[in-house]
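>>> sequence isn't available, so here's the structure alone:
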């Protein structure tokens, strides 16, 4: 029931995923509303299990409502089902903060993980995983290193990148740059079992100078949203440019296919959702503005996430790192 | 002597400014190098005063070198001249950190200003002043409020905006969002004598939803550099698009003028440099990659800065705010 387009686009997207990927879908939400939009679209829900609830978490709700005032919400019920093995992965387009709290407290984190975070694959020169994108506003250096480890496992498992490189967002490349958090994280990264690419300035992000980029959730959120905003802004400037004169309108016709390709590239709905790395089972956050295609892609991502053994690999790696650190101490 | 193109582009730009704006230029740097590039370009230096030094601060130098190991550098000498009234404004394309330290310690801050910062006018839907862009990596809420006050005075004095609005970069619009610094700053802004626009998410930045946007220097640096990087990235994608086929090449010819206009809009050199707000005299940081045009524009900005009485207005406003706060306590 979360996101701007629930339940219609979620029902459409989930049914499309069931058909295309052959997975069983459980929809959790208001049965009457789900039935209504399915009927309007002439969609057949007979293959879908529906878990009914009338409670939903809104964007304005406090994040902890997922385990307190609204623990019978569609989001909470889904997370309990995931915890109890009644489903293998959970996709939500709802309140990110609540999904983060619910994932950590209901589904629980992988043993040894300090804090789970939101990872997003950015459509840059090559795919670039950014973490954290807003779940953890304040961080300690150890979080950044764990996220680097988890992100590298994700990019290896999903994108097949051998030994993914991990960069640290910073205001300069020198190891003395940044707040005390970045300075300490830099030291820890040099010792850690990751392919560390050093400090990365934000100017380089579009060139994807590494495969995984870590930062605190405040900065990560600003980066993620600014990339979205700049994409829209430049497209609107291009539109103005192509509509400026009769001649430019002719050019626009000639370029139609190419412009569509470029737009496609920056289209968040193509890239599915954001995995919550560090949670003990697969949770995917779809964008709040997701349409059916974005939901379908988020389900595809949830399938890949649960099939590639990422969580087991993260558990092994974190436990090995923690043992190493304990020995060193 | 600072920046990537010193001294050639600085000499060219400064001479162009002298001619166009009728100002007296003092060049501080290696006389032999300055004479050499001027001779190569057949430029006449007879109207220019040259203060010779062989020392310059490099990008790798520690920021405090400006007042210690390299206090006879071109940057340091310029700042001493500014302090002593031997010039009215100072423009540098050199090491930002050193320029910030030197401005605060040699020229000194305006009375009552906690910390000076780097402001940059972003070429968004309308001009948007972002502060701090990297001088102060860690901040307290009072810094953000002072920067809002100073930024508003700048946008009023230079752009003629009546009662400029001031926004706070945050990961959501609600007043409970952000780190403890943003939460406290929000409260202080509501009480302060500024036209507060509330929290601004980074997605909105290209739409310029306010006239002044404040944040810590770490986040501000990431925003500034990411905007630069996204601009270059999308232009390179556009170039690929226009070169993709014979048909798209025709479109490129038709669009030539428009593309140039768009590029022009995002061209940092058009927008001059970054004023150091909070310093007791006008200091302008030109981009490290400045060409002659950018230097000329930075000089124009320095002239405007010193003629509009911004510093006096900031001094009055900060002192009135501080008195108000002391009374309230």
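In hand now; what should we look at? Bear in mind that the values here come from a model prediction, so they are computed numbers and not experimental data.
>>> which stretch of helix or strand covers the residue of the stretch 51-200 of chain A found nearest chain B?
Per CB to the nearest CB, residue A:171 is where the stretch 51-200 of chain A lies closest to chain B, at 4.2 Å. C-beta coordinates here come from the backbone N, C-alpha and C atoms, glycine included. In this structure, residue A:171 is located outside every helix and strand according to DSSP states H and E.
>>> lowest-scoring secondary structure element of chain A by mean pLDDT?
helix A:246-265 (a mean of 84; mean pLDDT, DSSP states H and E).
>>> before we move on, back to that, dump the residue contacts of the spatially closest residue to the residue of the stretch 51-200 of chain A closest to chain B that is not a sequence neighbour.
Once its chain neighbours are removed from consideration, residue A:171 has its nearest residue in residue B:221; the separation is 4.2 Å (CB to CB, 6 or more residues apart in numbering or on different chains). Applying CB atoms under 8 Å, 6 or more residues apart in numbering or on different chains to residue B:221 gives the contacts A:171, A:202, B:133, B:134.
>>> of those residues, closest to residue A:50?
Of all those, the one sitting nearest residue A:50 is residue A:202; the distance, using CB to CB, is 44.3 Å.
>>> could you measure from the spatially most central residue of chain A over to residue B:259?
Computing the C-alpha centroid of chain A and ranking residues by CA atoms, centre = their mean puts residue A:274 first, at 1.0 Å. The span separating residue A:274 from residue B:259 equals 34 Å under the rule CB to CB, to the nearest Å.
>>> circling back to that earlier point, touching chain B at all, the helix or strand sitting right after the least confident helix or strand of chain A along the chain?
Tracing the chain C-terminally past helix A:246-265 and defining elements by DSSP H and E, one meets strand A:274-277 next. No - counting by CB under 8 Å from any CB of the partner chain, chain B is not contacted by strand A:274-277; separation bottoms out at 14.5 Å.
>>> who does the helix or strand following strand A:274-277 touch, helix- and strand-wise?
Beyond strand A:274-277 on the C-terminal side, the first helix or strand identified by DSSP H and E is strand A:283-285. Contact here means 3 or more CB pairs under 8 Å, 6 or more residues apart in numbering or on different chains; DSSP states H and E; on that basis strand A:283-285 packs against strand A:90-92, helix A:96-102, strand A:274-277, helix A:292-307.
>>> do that again at 10 Å, thanks
Packed against strand A:283-285 by the contact rule (3 or more CB pairs under 10 Å, 6 or more residues apart in numbering or on different chains; DSSP states H and E) you find helix A:74-83, strand A:90-92, helix A:96-102, strand A:117-123, strand A:274-277, helix A:292-307.
>>> centre of the chain versus it, how much separation?
In terms of CA atoms, centre = their mean, to the nearest Å, the centre of strand A:283-285 is found 6 Å from the chain centre.
>>> and that strand, which residues are buried?
Within strand A:283-285, the residues that count as buried by 16 or more other CB atoms under 10 Å in any protein chain shown are A:283, A:284, A:285.
>>> quick check: mean pLDDT of that strand?
Averaged across strand A:283-285, the pLDDT comes to 96.
>>> strand partners (parallel or antiparallel) of the strand or helix carrying residue A:197?
With secondary structure defined by DSSP H and E, residue A:197 is part of strand A:195-200. Listed by DSSP bridges, the sheet partners of strand A:195-200 and their directions read strand A:165-169 (parallel).
>>> need the residues of the stretch 51-200 of chain A near chain B, please.
Neighbours of chain B within the stretch 51-200 of chain A, by CB under 10 Å from any CB of the partner chain: A:59-60, A:62, A:96-97, A:124-125, A:133-134, A:137-138, A:169-172, A:174, A:176-182.
>>> any of those buried? List them.
A:96-97, A:124, A:133-134, A:137, A:169-172, A:177-179, A:181-182.
>>> shaky segments in the stretch 201-329 of chain A?
A:266-271, A:329 (pLDDT under 70).
>>> so residue A:74 is in contact with residue A:80, correct?
No - under the criterion of CB atoms under 10 Å, residue A:74 makes no contact with residue A:80, lying 11.1 Å away.
>>> so for those two, which sits in the more crowded spot?
A side-by-side neighbour count of residue A:74 and residue A:80, using other CB atoms under 10 Å in any protein chain shown, places residue A:74 first with 25 against 18.
>>> from the chain's centroid, how far away is the top helix by length along chain A?
With secondary structure taken from DSSP state H, chain A has its longest helix at helix A:217-242. Relative to its parent chain, helix A:217-242 has a centroid offset of 18 Å by CA atoms, centre = their mean.
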